[in-house]
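Undergrad: Please work out how this folds:
(one chain, ligands or ions: 2)
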Amino acid sequence: MRTQIFNARTQKENGTNLGGRIIRSGGLVAFPTETVYGLGANGLDGEAAKKIFEAKGRPMDNPLILHIAKKSDVKQLWLHIPENARLLMDAFWPGPLTLIYLKSELIPAEVCAGLDTVAVRMPEHKTALALIRAAGVPIAAPSANLSGKPSPTTAEHVLEDMDGRIDMVLDGGSCRVGVESTVLSLVGKPRILRPGGITKEMLEQVIGSVEVSPSVLAPLAENAIAESPGMKHKHYAPDCTVIVAEGSPRQAAGSILREYGLAEASGKRCIIFATEQTKGYYRGKNYVIIGDREQPATLCANLFDALRERSHGVDIIFAEGIPTNDQGLAYMNRLLRASGFTLIDE
Ligand code: AMP
Ligand code: MG
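TA: Ligands and ions are numbered 1, 2, ... in the order given. You can find the predicted model right below:
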């Protein structure tokens, strides 16, 4: 299959119109959103959705998120709209928040992986919205990477994984948020299954207390039932080892310098993911500044790009753990999974 590439800015109308036709006729289109690039198919067509799993090598038990272009479209996808969902939709849609609730009978089993719930989000990216409108159906879309790899935040990342496997890529440049949407279940007590750009703190201002699934910061225990099937699969792994150092900035930098020295002495090539606050510790070492610890959203914005781009010719990436307030929770969720929960021992 030849993968067509359209520039979403200069070939806007043509790109989204053709993309819409491809989706309607059962094909696959990768498109930019404010979080990461999505790999889209007709969300009401089980056969089309199946192609997403094939292209990504995604386990069939991992459900997809349906993307809609106007809030009222959620009505046909859920049994009904609970009151807290209405409040959250008004506060955060369009935006990086996915809501899970009881599904309607319109939803194909492939999309929700046989569960009785379905995940829905209204993205804010103009190209994503234009594509959904052109398709005229909800678009089922996971991240547009091979399963297990870091999510793509540029069209180049998508092509690295998906060239020849999908019909089309809409190139809209870099994604603003850089990590996938917050996934919040509204079945029972509101519960964050995956943290993202819309934080626990922001959600609680609108609907009060919100729980965080324990598997956000810990590996899923063996035999445990995943609240969100995505949690049990390998995730975000670049082509090298990732090791995380926790503690204060000073402690983390100290541990990294010690391990970096040992690794280099044994012939390993290393890179350090530094922050504005800690770059001074790493003078003379191979490091890259990922962002600002005081503004964890900046770390989220760069993490996946850095995991892809900086892993070439490198054996080990050393990264600092940060506090898990605000977008720090999303950052640590992705970083810990990318590392397979490999921490430097004190
Ligand atoms: P991705 O599409 O790669 O961003 O992954 C979507 C995430 O949402 C995965 O972790 C899924 O397991 C999760 N998810 C989607 N639908 C549901 C659902 N109905 N119940 C629980 N988790 C879901
Ligand atoms: Mg994904």
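
Undergrad: C-alpha from now on. contacts and neighbour counts both.
TA: Noted.

Undergrad: Next up, phi/psi of the nearest residue to Leu102 once chain neighbours are set aside, please.
TA: Spatial nearest neighbour of Leu102, chain neighbours left out: Thr117 (4.2 Å); criterion: C-alpha to C-alpha, 6 or more residues apart in numbering. When read as degrees, to the nearest 10, the backbone of Thr117 gives phi -120, psi 160.

Undergrad: which ones are touching Thr117?
TA: Taking C-alpha atoms under 8 Å, 6 or more residues apart in numbering as the contact definition, Thr117 lies against 100-103.

Undergrad: which among those residues gets closest to ligand 1?
TA: Ile100 (5.8 Å; C-alpha to the nearest ligand atom).

Undergrad: so who does that closest one touch?
TA: Ile100 touches 117-120, 183-187, counting by C-alpha under 8 Å, 6+ apart.

Undergrad: Sticking with it, tell me its helix or strand.
TA: strand 97-102 (DSSP states H and E).

Undergrad: gap between that strand and the chain center?
TA: Relative to the centre of its chain, strand 97-102 is centred 15 Å away, using C-alpha atoms, centre = their mean, to the nearest Å.

Undergrad: And ligand 1, is whatever helix or strand Ala49 lives in touching that?
TA: Ala49 belongs to helix 46-56 when assigned by DSSP H and E. No: on the criterion C-alpha under 6 Å from any ligand atom, helix 46-56 is out of touch with ligand 1, staying 9.8 Å away.

Undergrad: Name the next helix or strand following that helix along the chain.
TA: Following helix 46-56 in sequence, per DSSP H and E, is strand 65-67.

Undergrad: picking that back up, pick out whichever of the contacts of Thr117 sits closest to Leu343.
TA: Ile100 (32.0 Å; C-alpha to C-alpha).

Undergrad: I'd like to know how far the closest one sits from Ala69.
TA: The spacing between Ile100 and Ala69, counted by C-alpha to C-alpha, to the nearest Å, is 17 Å.

Undergrad: Tell me which residues touch Ala134, please.
TA: When contacts are counted by C-alpha under 8 Å, 6+ apart, Ala134 touches 16-17, 19-21.

Undergrad: Out of these, give me the one that has the most neighbours.
TA: Note: the member of those with the most neighbours is Gly19, at 29 neighbours, neighbours being other C-alpha atoms under 10 Å.

Undergrad: Just the pLDDT for that one.
TA: Note for Gly19: predicted pLDDT of 97.
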